[in-house]
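1. Structure of the sequence below:
(4 chains)
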2 protein chains.
Amino acid sequence: MADLRLEPIQSGSRGTLVSDVVREAIYSGRFQPGEAIREMQLARELRVSQTTVREALLQLEHAGLVVREANHGTRVTSLSEEEIRDRVAIRLMLETSAAADAARRITPAQLAELESHMNQIAAAVRRNEYYEAAQADLAFHRTIWGACGNQMLVRMLDQLTAPLFAFVSMRQSTDVADLRRRVRSHEPIFAALRSGRAAAARKALREHLTSSYEQFLRGTHERNSSSD
Amino acid sequence: MADLRLEPIQSGSRGTLVSDVVREAIYSGRFQPGEAIREMQLARELRVSQTTVREALLQLEHAGLVVREANHGTRVTSLSEEEIRDRVAIRLMLETSAAADAARRITPAQLAELESHMNQIAAAVRRNEYYEAAQADLAFHRTIWGACGNQMLVRMLDQLTAPLFAFVSMRQSTDVADLRRRVRSHEPIFAALRSGRAAAARKALREHLTSSYEQFLRGTHERNSSSD
DNA sequence: CGAGAACCGTTTATCGATAATCGTTGACAG
DNA sequence: CTGTCAACGATTATCGATAAACGGTTCTCG
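-> Below you'll find the predicted structure:
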């Protein structure tokens, strides 16, 4: 049997293809929060039927990236500050738990993956590529989730954070010092996981998430007070 | 304006209607775990199109009640013992947190609702109606979730526990003594919420969930050892 | 002039039919 | 007898078209 390291050029059903395209458009900011998405218009642009677009939008609704109102339409999710706070609070509980579990069962291959993502983040930051940095950041966290051994927990964290990344992380164009600090704050997490210290991993992750959220709050506060 | 305490006799789209019917069939056990669900067959039986059935099945997949495999089919979710353990672990984290928040902000109306659900549970148990008891039990917990003020937390708990209720709570035909004990174990939760003691609510809920899970484990263990 | 009902255009929701997919069966060659 | 592969049947995936729902607008009547 030949090794299957290569994936098919386009995998999955058309519906999944469409949802991938739209997701990417949302992540990249080509679709703005609150913007309406027309089924027929999208279907014409992508040369698929309305049915297929609908299925894709249902998947994205599931992921929390769009909101659908019955008989009215679909729009890109727009998170209020309270919704962000609520999501972060849940994420804090779930992800610190995942990290503690991961510390006990993470494999060398997964540790190597973590290191690779850290390098990607650092490289992207050096090149001022915020979007790529955020993507690699998400991949870093996802690797930790995957190492916790609780599949349901992974699904929930995915649902929880997809909109956070799309509408918070991907957008923040913070100053360089902040980014540097954020990059470094992955290191204690990695060190704790590598040495199997569950409590330390939990603590490192809590600090990482808390400081990221506080920085986000500072960002929005600045923006509000300067625009008023 | 007339008061709107009465709901329309059938609310929502046809797709939602179908998903309600199928959900009910799963809860009631008319669809067994692992059983295949054919789109066309269901469409014929319910006099709707296959498209509508598909949309309903997507919703149910989202709720975790069915599993869909691409190009292959849909079957009713069948949880392994490990998946149940994993879900319960997450539920423990999220619901104890929700209870603590609820203790601080629950309204008199919600407290009355809780009491009503407790009465329903007790009445159903007296009549040996396990299914209705489980339904009221779920309603009791849902009311607590709703009182926590974190909408996302409610959604996650719903997703998490829907299959647990469908495949665990609704089925257990335990002995009367166990049921009595389970009924009573809601009382400390209610008392803690009413008096606004967050820590006590957390503790009461943890004990309730833990003992329910342990009882479930005893049940499956007995069944396994007796059938071997 | 103003309130409310009927209309109209846009968008979603549903339908019936066709296309693509996958497991299976059975024929056939080695 | 056994492994391979092509054709079949059952089921999902997708399509194009029609129906239903909603919001805004205009028209009517007091």
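2. Let me know the helix or strand that the closest residue to A:Val168 other than its chain neighbours is in.
-> Leaving out its chain neighbours, the residue that sits closest to A:Val168 by Cβ to Cβ, 6 or more residues apart in numbering or on different chains is A:Phe216, at 5.9 Å. (Each C-beta comes from the backbone N, C-alpha and C, glycine too.) Using DSSP states H and E, A:Phe216 sits within helix A:198-227.
3. Distance of A:Thr107 relative to A:Gly149?
-> Using Cβ to Cβ, to the nearest Å, A:Thr107 is found at 11 Å from A:Gly149.
4. Identify the residues contacting the residue nearest to A:Val168.
-> A:Phe216 is in contact with A:Ile84, A:Val168, A:Gln172, counting by Cβ atoms under 8 Å, 6 or more residues apart in numbering or on different chains.
5. dump the residue contacts of the residue in chain A that DNA strand D sits nearest to.
-> At 2.9 Å from DNA strand D, A:Arg14 is the closest residue in chain A, using Cβ to the nearest atom of the strand. Residues in contact with A:Arg14 (Cβ under 8 Å, 6+ apart) are A:Val48, A:Thr52.
6. So what does it look like in phi/psi?
-> Backbone torsions of A:Arg14, given as degrees, to the nearest 10, read phi -60, psi -40.
7. helices and strands around the least confident helix or strand in chain A by mean pLDDT, which ones?
-> Ranked by mean pLDDT, DSSP states H and E, the weakest helix or strand in chain A is helix A:176-184, scoring a mean of 79. Judged by 3 or more Cβ pairs under 8 Å, 6 or more residues apart in numbering or on different chains; DSSP states H and E, helix A:176-184 is in contact with helix A:108-126, helix A:198-227.
8. what's the following helix or strand after the first one?
-> Spelled out, that is helix A:108-126. helix A:130-147.
9. give me the element the spatially closest residue to A:Ala199 that is not a sequence neighbour is part of.
-> Closest residue in space to A:Ala199, ignoring its immediate chain neighbours: A:Ala100 at 7.2 Å, by Cβ to Cβ, 6+ apart. In the assignment (DSSP H and E), A:Ala100 maps to helix A:81-105.
10. can you give me the angle that helix makes with helix B:81-105?
-> Per axes from the mean of the first three to the mean of the last three Cα atoms, to 10 degrees, the angle that helix A:81-105 makes with helix B:81-105 is 140 degrees.
11. how about the residues of chain A near DNA strand D?
-> Selection of chain A residues close to DNA strand D by Cβ under 7 Å from any atom of the strand yields A:13-15, A:47-52, A:55, A:70-72.
12. Just the buried ones from the residues you listed?
-> A:Arg14, A:Gly15, A:Val48, A:Thr52, A:Glu55 (16 or more other Cβ atoms under 10 Å in any protein chain shown).
13. so who does the second one touch?
-> Residues touching A:Gly15, when contacts are defined by Cβ under 8 Å, 6+ apart, comprise A:Thr52, A:Glu55, A:Ala56, A:Gln59.
14. Next up, the contacts around A:Arg68.
-> A:Leu57, A:Leu58, A:Glu61, A:Thr74.
15. correct me, but the first one touches A:Glu39?
-> Put plainly, it is A:Leu57. Yes: under the criterion of Cβ atoms under 8 Å, A:Leu57 makes contact with A:Glu39 at 7.0 Å.
16. Which of those two has more residues huddled nearby?
-> The neighbour comparison of A:Leu57 against A:Glu39 (other Cβ atoms under 10 Å in any protein chain shown) goes to A:Leu57, with 22 against 17.
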